[in-house]
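1. sequence unknown, structure follows:
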């Protein structure tokens with residue numbers, strides 16, 4: 001509910017949630033027991049059923065928002081894009097918009113959606129001697145389909161890769177945001193309020209230390225490093241990563257990744273209190289995306305991740321430790337949701 005809480009902070013009331021994940025539903029019920037919730041696959045939910053659950057007529061709906069599953073658009077692994085059942089769920093998002101026809105919609109996704117192809121061709125099958133790429137294999141072809149679907153149902157869309165850190169979020173997190181208008185408006189994106197080097201009218205990026213200040217983490221729930229990984233992390237200073245290790249230890253620490261190029265900044269990364277956190281992920285112990293505490297040799301706790309994503313300290317997360325991390329890592333930072341909600345309200349002429 002990160003996006004929902006952000007929109008609420010801007011002045012947009014949440015009327016209904018649709019969620020298939022059981023642990024997420026338990027979390028919603030624990031924190032918002034009176035909020036109407038439909039638990040199940042959106043592909044089996046009609047717009048009429050959703051409206052009935054919310055107790056609303058379609059004319060009362062101001063905004064439909066959501067984030068269709070994004071794994072198939074990620075730059076990691078074999079990108080199946082719209083051909084993946086998870087990628088095709090955006091069509092159900094479109095279906096709800098088409099049937100309800102709210103004045104506005106908001107859709108968020110990973111940056112990989114900008115370059116995803118409808119049909120993925122692995123790198124080893126490309127090159128000068130390979131067959132020419134089909135139109136569906138061209139980079140960006142999935143985005144063209146998505147924009148085409150919104151145009152088909154009569155919505156004007158603005159989209160942009162936004163950085164949460166520029167809106168007061170203590171985290172370098174990038175998301176692609178689609179803002180849609182039924183009545184032909186081009187909705188301006190919110191102007192950044194924070195900058196790495198602030199100028200007149202902007203504030204400095206919020207650092208990790210500021211975000212965690214005053215946190216009372218009673219339970220200290222976190223995933224554990226193996227003894228070998230912990231010994232290596234002990235050698236990394238705040239703000240450092242594998243490059244901070246003695247040269248003779250670097251090949252041992254990285255293993256096969258030592259001879260790779262690019263994409264290795266997350267190996268044995270120790271955070272710094274003086275800088276924003278990297279993107280909070282769904283696991284704290286992945287080898288290529290380390291998030292070691294600045295001074296303690298451990299990953300960030302669940303409560304620390306909640307702070308970085310700007311959830312209230314008393315926000316209860318249901319499920320196992322891994323499921324709690326996953327819920328936090330998949331959420332939209334509340335500060336970003338608030339900025340986007342304010343932009344939509346401003347475009348509508350409604351003052352908060």
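-> Thanks, I have the structure now. Bear in mind the structure is a predicted one, so any value in this text is a computation, not a measurement. Residues are numbered from 1 along each chain as shown.
2. C-alpha only now, for contacts and for neighbours.
-> OK.
3. what residue of the chain is the furthest out?
-> residue 129 (37.9 Å; Cα atoms, centre = their mean).
4. below-threshold pLDDT in this structure: ranges please.
-> 70-87, 351-352 (pLDDT under 70).
5. okay, now the domains of it?
-> Listed domain ranges for the chain are 2-201+332-348, 208-329 (source: automatic domain parsing).
6. first to last residue in the last one, what's the distance?
-> Which is domain 208-329. Terminal residues of domain 208-329 are spaced 16 Å apart (Cα to Cα, to the nearest Å).
7. off-centre distance for that domain?
-> 17 Å (Cα atoms, centre = their mean, to the nearest Å).
8. just the first one next, same as before
-> With Cα atoms, centre = their mean as the basis, the distance from the averaged C-alpha position of domain 2-201+332-348 to the chain average is 10 Å.
9. where does residue 345 sit, in terms of helix or strand?
-> For residue 345, the host element (DSSP states H and E) is helix 334-348.
10. er, residue 108 I mean
-> strand 104-109.
11. elements contacting that strand?
-> If you count contacts as 3 or more Cα pairs under 8 Å, 6 or more residues apart in numbering; DSSP states H and E, strand 104-109 packs onto strand 63-66, strand 174-181.
12. just those strands: most buried one?
-> The highest mean neighbour count among those, using mean count of other Cα atoms under 10 Å, belongs to strand 174-181: a mean of 21.
13. paired strands for that one, with orientation please.
-> According to DSSP bridges, strand 174-181 forms sheet pairs with strand 104-109 (antiparallel), strand 156-163 (antiparallel).
14. identify all contacting residues around the shortest one.
-> What that stands for is strand 104-109. With contact meaning Cα atoms under 8 Å, 6 or more residues apart in numbering, strand 104-109 is reached by 62-70, 97, 175-182, 344.
15. now the strands for the stretch 1-150 of the chain?
-> Here the stretch 1-150 of the chain has its strands, by DSSP state E, counting those that start in this stretch, at 17-19, 37-39, 63-66, 104-109.
16. wait, residue 162 sits on residue 172?
-> No: checked against Cα atoms under 8 Å, the pair residue 162 and residue 172 is beyond contact range at 10.3 Å.
17. for the residue lying closest to residue 244 once chain neighbours are set aside, what are phi and psi?
-> Nearest non-adjacent residue to residue 244, counting by Cα to Cα, 6 or more residues apart in numbering: residue 236, 5.9 Å away. With angles defined as degrees, to the nearest 10, residue 236 sits at phi -100, psi 130.
18. if we can go back for a sec, what's in contact with the helix holding residue 345?
-> 2-12, 104, 164, 167-169, 185, 187-190, 309-311, 351-352.
19. 6 Å - rerun?
-> Residues outside helix 334-348 that contact it (Cα atoms under 6 Å, 6 or more residues apart in numbering): 2-3, 6-7, 9-10, 164, 167, 169, 190, 310.
20. what's the answer for stretch 9-26, then?
-> 36-41, 54, 318-319, 338, 341-342, 352.
21. of those, just say which sits nearest to residue 156.
-> For the contacts of stretch 9-26, the closest approach to residue 156 (Cα to Cα) belongs to residue 341, at 17.3 Å.
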